[in-house]
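Participant: With the input below, show me the fold.
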Amino acid sequence: MLIVQNATEPASMRNALVDMVTEGTTDIHVASAYVTLAGAEILLDAVEKSVGKAAFAAMPKTLVTSFDFGLTDPQALQHWRGLENSTVLVSGAHELAQRSLMPKRAFHPKLYAISNNLETYSMMVGSANLTSRGFSVNTEAAWIQHGVPRDTIDSAFEKARFETTALTDNLLATYAALRQAQPPPPEIQQEAQPVAAPAPVGGHKLRAFRHAIESREVDPADYAAMWIHGEALQGGSSNQLELPRGGHRFFGFIFDQYEYPRNLTIGQPILRSASRVWDDRRLTWHGNNQMERMNLPTATQGGFNYADTAVMFRRLTNGSFELIVTPWDSDLARSWRQASAQRQTLFRLGTVATNRVVGLL
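Facilitator: Numbering: from 1, shown residues only. Below you'll find the predicted structure:
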């Protein structure tokens with residue numbers, strides 16, 4: 001399966017990689033030219049949430065990367081190396097010993113292999129490095145293949161490990177110091193930089209989501225994802241997310257009882273995050289404030305802390321929705337805001353003056 005990502009279809013690489021992970025994942029292997037901490041966390045968090053902390057600690061985790069140009073984040077190397085049952089191999093140690101970060105031969109693979117049984121792997125190979133930009137806003141392409149024999153993956157990584165060295169404390173310290181003294185060339189250092197903050201947009205200047213639906217400018221059901229600024233949620237557990245009026249259409253529900261003065265249940269979409277599934281989360285109409293609300297899973301129910309976050313619902317092929325929660329100023333949230341603005345699918349949450357926004361992708 002071919003996956004293509006660009007700035008208006010952000011995080012396609014992230015979504016494809018997350019979809020490869022299952023509750024039965026047994027080991028992971030990554031060969032990536034450059035790695036950032038935010039990029040590594042995308043993969044590692046997805047695996048840990050799927051299999052649980054104990055299984056994640058026990059499983060083999062291999063990273064093969066490079067010191068080339070000083071683009072790889074030392075914090076990413078330290079984080080991966082600090083995990084239990086983890087192996088980190090690096091290319092460029094010979095040049096490092098000569099006080100250089102310029103490779104004589106570039107280490108440039110981008111290969112991700114995740115095994116969900118003892119015999120085969122799911123594999124993603126393409127252009128995306130394990131960086132937040134590679135998995136969000138960069139234009140990237142990758143091929144996904146399931147059922148790849150284990151010996152094929154073993155052979156591929158044996159070749160990727162050519163002229164690499166096991167990361168040690170001394171190597172990491174030397175690399176971090178030299179990287180500070182010799183920062184990456186400006187022409188290529190953007191790969192390791194955070195996603196740029198979107199141009200500020202006052203919510204009161206945007207078209208209201210409700211009006212865009214009523215004028216048939218958009219039909220939420222036509223989109224793969226809907227995200228909302230989770231600034232400050234309601235309820236005693238701070239888990240009631242206000243949706244724009246008409247937001248229920250994204251989930252495939254039909255509701256028109258907007259004159260009802262009290263609360264009504266519109267439906268209960270199935271939400272997922274890794275191996276966790278919630279089929280009891282109510283989407284309701286609140287007549288007192290003329291808004292729709294989603295009862296999100298609380299932290300004690302396996303959910304999240306939603307304060308000042310971006311909350312995304314991503315449509316999955318089985319009719320359920322991946323619940324993605326990320327800090328409002330994270331690279332992922334920034335990529336969503338940029339994409340919705342470019343696609344002109346960025347809206348004001350309500351009809352009254354507000355800076356809260358909602359986007360479709």
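
Participant: Look up the closest residue to residue 43, ignoring the ones flanking it.
Facilitator: The shortest distance from residue 43 to any non-neighbouring residue, by C-beta to C-beta, 6 or more residues apart in numbering, is to residue 17 (6.1 Å). Quick note: C-beta positions are derived from backbone N, CA and C, even for glycine.

Participant: Can you tell me the element the one you found falls in?
Facilitator: helix 12-20 (DSSP states H and E).

Participant: what do you get for residue 56?
Facilitator: Under the criterion of DSSP H and E, residue 56 resides in helix 53-58.

Participant: Check the contact between residue 132 and residue 39; I expect there is one.
Facilitator: Yes. Contact criterion C-beta atoms under 8 Å: residue 132 and residue 39 qualify, at 5.1 Å.

Participant: so what's the nearest residue to residue 142 once chain neighbours are set aside up against?
Facilitator: The shortest distance from residue 142 to any non-neighbouring residue, by C-beta to C-beta, 6+ apart, is to residue 126 (2.7 Å). Listed by C-beta atoms under 8 Å, 6 or more residues apart in numbering, the contact set of residue 126 reads 3, 13, 110, 140-143.

Participant: And for residue 138?
Facilitator: 5, 128, 191.

Participant: how about CSV for these, with pLDDT added?
Facilitator: Putting those into CSV (pLDDT from 0 to 100) gives the following:
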residue, pLDDT
5, 97
128, 96
191, 76
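
Participant: And the pLDDT for residue 204?
Facilitator: What the model reports as pLDDT for residue 204 is 62.

Participant: residue ranges of the helices in the stretch 101-250 of the chain, please?
Facilitator: Applying DSSP state H, counting those that start in this stretch to the stretch 101-250 of the chain gives helices spanning 150-160, 169-181, 209-214.

Participant: how far does stretch 67-87 stretch from start to finish?
Facilitator: 16 Å (C-alpha to C-alpha, to the nearest Å).

Participant: Over to stretch 128-144?
Facilitator: 13 Å.

Participant: what's the pLDDT at the nearest residue in space to residue 221 that is not next to it in sequence?
Facilitator: Spatial nearest neighbour of residue 221, excluding adjacent residues (C-beta to C-beta, 6+ apart): residue 249 at 5.4 Å. pLDDT, residue 249: 94.

Participant: burial count for residue 249?
Facilitator: By the criterion of other C-beta atoms under 10 Å, residue 249 has 17 neighbours.

Participant: Residue 219 is in contact with that one, correct?
Facilitator: Yes. Taking contacts as C-beta under 8 Å, residue 249 lies within contact range of residue 219: 6.8 Å.

Participant: Could you pull out the residues contacting both of these two?
Facilitator: Joint contacts of residue 249 and residue 219 (C-beta under 8 Å, 6+ apart) are residue 213.

Participant: wait, what's in contact with residue 125?
Facilitator: By C-beta under 8 Å, 6+ apart, the contact set of residue 125 is 110-112, 142-143, 145.

Participant: again, only this time at 10 Å
Facilitator: Residues in contact with residue 125 (C-beta atoms under 10 Å, 6 or more residues apart in numbering) are 31, 109-113, 142-145, 148, 156.

Participant: and if you look at residue 312?
Facilitator: 11, 225-228, 230, 321-326, 332-333, 336, 359, 361.

Participant: Go through those and flag which are in strands.
Facilitator: The members of these that map onto strands under DSSP state E are 225-228, 321-326, 359.

Participant: Nearest to residue 94 among the residues you listed?
Facilitator: Of all those, the one with the least separation from residue 94 (C-beta to C-beta) is residue 326, at 38.7 Å.

Participant: quick check: mean pLDDT across the helix holding residue 56?
Facilitator: The average pLDDT within helix 53-58 is 93.

Participant: Ok, stretch 89-109 next?
Facilitator: Averaging pLDDT along stretch 89-109 yields 92.

Participant: Give the buried residues for it.
Facilitator: Buried positions in stretch 89-109, judged by neighbour count with 16 or more other C-beta atoms under 10 Å: 89-93, 95-96, 101, 103, 107, 109.
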